[in-house]
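> Quick one, structure for this:
(one chain, ligands or ions: 2)
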Amino acid sequence: YGEFNHKIDYVFKVVLIGDSAVGKSQLLARFARNEFSLDSKATIGVEFQTRTLVIDHKVVKAQIWDTAGQERYRAVTSAYYRGAVGAMLVYDMTKRQSFDHIVRWLEELRGHADKNIVIMLVGNKADLGTLRAVPAEDAKEFAEREGLFFMETSALDATNVEPAFLSVLTEIYRVVT
Ligand code: GDP
Ligand code: MG
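Residues are numbered from 1 along each chain as shown. Ligands and ions are numbered 1, 2, ... in the order given. Next up is the predicted model:
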């Protein structure tokens, strides 16, 4: 993507939030580098990754922020949310608790972020469908009630990862232009 560097039209900051181990870092690895790792400790410490793409003939640099493990200690700070125009609110569809905690993450997000932020609720690990603990209908209803987009994804087999990020980025583009 280097050849586009001289003519970036927009930079959109998008933050990943949600409980530890729901797959945030792997969703980012899949979207930014088309990679996946079953042992993702290797990615800890990375602040954000970028991917440049074209939306409506404009060059958009998506800057996707990862918590780098801080969510374990509830130490995600306001600096993390500063300037964010999009958020991926991620739970693990095989772990009910990670979905029940979404209300808290949403509260925290709304307390820190811009009120026009575009939010996508993401039910990750869809490849483990037989272990499903969160009905898609529950998540869909919650998302509708709260005005969020919703998709189920798999960072492992790449299902819906591209559409989830692209929907958020396209909606951000619509909002800011
Ligand atoms: P984070 O703490 O939210 O950043 O979660 P990670 O991205 O580190 O993922 C936690 C664990 O879940 C790792 O072992 C990943 O390999 C695994 N994982 C992440 N996404 C998926 C997925 O879509 N399917 C499956 N089966 N495992 C996943
Ligand atoms: Mg992580």
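
> In PDB, list the C-alpha atoms belonging to the host helix or strand of Gln63.
Taking DSSP states H and E as the criterion, Gln63 maps to strand 58-65. Provided in PDB are the C-alpha atoms of strand 58-65 (Å, rounded to 0.1, in the frame of the first residue of the first chain):
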ATOM      1  CA  LYS A  58     -11.000   8.100  -1.600                       C
ATOM      2  CA  VAL A  59      -7.900   6.700   0.100                       C
ATOM      3  CA  VAL A  60      -8.800   5.800   3.700                       C
ATOM      4  CA  LYS A  61      -6.200   4.700   6.200                       C
ATOM      5  CA  ALA A  62      -7.800   2.600   8.900                       C
ATOM      6  CA  GLN A  63      -5.900   2.800  12.100                       C
ATOM      7  CA  ILE A  64      -7.200  -0.100  14.300                       C
ATOM      8  CA  TRP A  65      -6.200   0.000  18.000                       C
END
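
> who does that strand pair up with?
Applying DSSP bridges, strand 58-65 is found paired with strand 10-17 (parallel), strand 48-55 (antiparallel).

> Which one, of those, ends up nearest to Glu144?
Proximity to Glu144, assessed across those by C-beta to C-beta, is greatest for strand 10-17 (19.9 Å). In this view, the C-beta of every residue, glycine as well, is placed from N, C-alpha and C.
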